[in-house]
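[1] Provided below are the primary sequence and the corresponding predicted coordinates.
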Amino acid sequence: MTMAQPDVTVVIGAYEAMPYLTECLASVEAQTIAPERVEVIAVDDGSTDGTGECLEEFAARAPMPVTVLRQENSGGPSGPRNVGLAKAAGRYVFFLDADDRLGPEALERMVGMADRAGTDVVLGRIEGVNRGAPKSMWGRTLERTDVYSSPIKFTLSAQKLFRRSLLERHGMRFDESLFTGEDALFTMEAYLRADGVSVIADYTCYYLVGRDDGKHVTRSGGYTLRFDSARALMNLIAGLVPEGPRRDLLMVRPFTVTLLPQFGPRFLKDTDDVRRRKLELARPLMDVHWTEGVARRLKVEERLRLHLVAGQRLELLMDVLRFVREKEQPRALLERRGRRVYLAYPHFRDRAAGIPDSVYLASPREARAVPGYRAGGTDSLPRRAARRLLAPFRAVTPA
């Protein structure tokens, strides 16, 4: 007799996951969705701590069908996820990290939402346990939205429900050449190709667990890997979204979340060689993807740092970072009868530095926090100022 197609395949990639794996598997066993609607494919990625044996024991007792695959270590989470995805039979796929856990109603609610709304991706509320978790996208439950209309671009981890036909139609797999940010690339592509995305904000579907030993399935590496991740995500966005405001909106994510931290306070502790190397790695990304539209969407301090990165202005960047490290607050300068606000970070109107005023122009949110500001003048950078914003980058000689 032919078995009915499961509603959802849970793919678990596991490497050295003990003892966290036991709670992860218990959360799968406790799901309120009927067991016959679920299948589990667990991939042991060369563990030596009993992870594989734990998965085998789970397969023997679980109420739903469980397939355990064991392989040599692949070096990252992409390989096991791809192996599991290739074996999946469910209408939907959910990627569960072996040290995290599901809320009891997670699968039932997410599958129900996808079926009801007809959407291709469902985000279930995430809560951190001994670690941080994304917050901005959980304001309210949304049956149908997209990556442009909501903050979902700021949660690009793989722990989402994906319609498998979407993934198969576009041949989507995790990039095994990336060792950090591979899930961001996969999830952003799914958002962009999806016929609608749903958000479940009123129930915690996923618990993101911080390990006591400081390890995690998605292990990070050296700084060069971050530039690889930023480049891949920027190129994906540029390849799928035409030039213009929508592309600029999405580019904010790799610029602020992936690239900008490489030029934060930690940059002050880097060696001279590492600083020069980081600027060298950033140069092609800034040349190709840094636009007026992206710059306008950033806070002054973010915009200023990236302006200096684009211009390869090392010494000026160091001055700004020292200012930021000391948690100093920039002086606010109101002009045009209070309708324009500048934040005087280092080198504001310093003729020798030659940084345009437009770089220091406060965003609407920043401006509203300044006493005496009169709304109506800084809802966006003035067109003339915006056009000047990028021009100095191209001709600047590295400091």
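    Yep, that arrived.
[2] Which helix or strand lies directly C-terminal to the helix or strand that contains Phe94?
    Secondary-structure assignment from DSSP states H and E places Phe94 in strand 92-97. Next helix or strand after strand 92-97 toward the C-terminus (DSSP H and E): strand 101-102.
[3] Just the residues contacting the next helix or strand along the chain from that next one, thanks.
    Past strand 101-102, further along toward the C-terminus, the next helix or strand under DSSP H and E is helix 106-117. Helix 106-117 is contacted by residues 7-8, 10, 31-33, 37-38, 92, 94, 119-120, 122, 124, 143-144, 161, 163, 196, 198, 200, 203, 205-206 when judged by C-beta atoms under 8 Å, 6 or more residues apart in numbering. Any C-beta I mention is one placed from the backbone N, CA and C, and that applies to glycine too.
[4] Quick check: chain neighbours aside, which residue is closest to Tyr206?
    Nearest residue to Tyr206, sequence neighbours excluded (C-beta to C-beta, 6 or more residues apart in numbering): Ile126, at 4.7 Å.
[5] any idea how far Lys327 is from Pro265?
    Here Lys327 is placed at a distance of 10 Å from Pro265 (C-beta to C-beta, to the nearest Å).
[6] Settle it for me: which of these two has more neighbours?
    Set Lys327 next to Pro265 and count neighbours by other C-beta atoms under 10 Å: Pro265 wins out with 12 against 6.
[7] quick one: pLDDT of that one?
    If you check Pro265, the pLDDT there is 91.
[8] Distance-wise, check it relative to Leu281.
    Between Pro265 and Leu281 the distance, using C-beta to C-beta, works out to 19 Å.
[9] what does Asp248 give?
    On the measure of C-beta to C-beta, Asp248 and Leu281 end up 22 Å apart.
[10] still on that earlier bit, just the ones of the contacts of helix 106-117 in strands?
    Residues of the contacts of helix 106-117 located in strands (DSSP state E): 8, 10, 38, 92, 94, 122, 124, 143-144, 161, 163, 198, 200, 203, 205-206.
[11] Would you map the helices across the stretch 101-250 of the chain?
    In the stretch 101-250 of the chain, the helices defined using DSSP state H, counting those that start in this stretch lie at 106-117, 164-169, 182-193, 223-240, 245-253.
[12] Same list, the ones you listed, but as JSON lines with mean pLDDT, mean neighbour count and distance to Val370 please.
    Output for the helices of the stretch 101-250 of the chain, formatted as JSON lines (pLDDT from 0 to 100; neighbours: other C-beta atoms under 10 Å; distance: least, C-beta to C-beta, whole Å):
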{"stretch": "helix 106-117", "mean pLDDT": "98", "mean neighbour count": "20", "distance to Val370": "41"}
{"stretch": "helix 164-169", "mean pLDDT": "98", "mean neighbour count": "15", "distance to Val370": "45"}
{"stretch": "helix 182-193", "mean pLDDT": "97", "mean neighbour count": "22", "distance to Val370": "34"}
{"stretch": "helix 223-240", "mean pLDDT": "96", "mean neighbour count": "19", "distance to Val370": "32"}
{"stretch": "helix 245-253", "mean pLDDT": "97", "mean neighbour count": "18", "distance to Val370": "23"}
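[13] mind giving me JSON lines with the ones you listed and columns for distance to Asp272?
    Converted to JSON lines, the helices of the stretch 101-250 of the chain look like this (distance: least, C-beta to C-beta, whole Å):
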{"stretch": "helix 106-117", "distance to Asp272": "49"}
{"stretch": "helix 164-169", "distance to Asp272": "45"}
{"stretch": "helix 182-193", "distance to Asp272": "30"}
{"stretch": "helix 223-240", "distance to Asp272": "15"}
{"stretch": "helix 245-253", "distance to Asp272": "30"}
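[14] was I right about Leu298 contacting Arg253?
    No. At 11.5 Å, Leu298 does not count as touching Arg253 under the criterion of C-beta atoms under 8 Å.
[15] show me where pLDDT drops low in this structure?
    Low-confidence segments of the chain (pLDDT under 70): 1-3, 213-221, 376-399.
[16] run the last query once more with 50
    Along the chain, segments meeting pLDDT under 50 span 217-220, 377-380, 392-399.
[17] domain ranges for it?
    For the chain, the structural domains run 8-209, 223-395, going by automatic domain parsing.
[18] Now stretch 293-303: buried residues?
    For stretch 293-303, a neighbour-count test (16 or more other C-beta atoms under 10 Å) marks 293-298, 300-303 as buried.
[19] Max pairwise distance over these: which two?
    Within those, two members stand farthest from each other by C-beta to C-beta: Gly293 and Glu301, at 18.7 Å.
[20] give the contact list for the nearest residue to Phe95 once chain neighbours are set aside.
    Closest residue to Phe95 apart from its sequence neighbours, by C-beta to C-beta, 6+ apart: Ala158 at 4.3 Å. Residues counted as contacts of Ala158 (C-beta under 8 Å, 6+ apart) are 77, 81, 95, 174, 183, 186-187.
[21] Centre-most residue in this protein?
    Residue closest to the mean C-alpha point of the chain, counted by C-alpha atoms, centre = their mean, is Leu156 at 4.0 Å.
[22] And that residue, how close does it get to Val320?
    Distance, Leu156 to Val320, using C-beta to C-beta: 28 Å.
[23] do Thr180 as well
    The gap separating Thr180 from Val320 is 26 Å, by C-beta to C-beta.
[24] cool, and Pro330?
    As judged by C-beta to C-beta, Pro330 and Val320 stand 10 Å apart.
[25] for Pro35, same thing?
    Remark: distance between Pro35 and Val320 (C-beta to C-beta) = 57 Å.
[26] What residues are recorded as beta-bridge partners of Pro344?
    Pro isn't right for residue 344; it's Ala. Bridge pairing for Ala344 (DSSP bridges) gives the partners Arg331.
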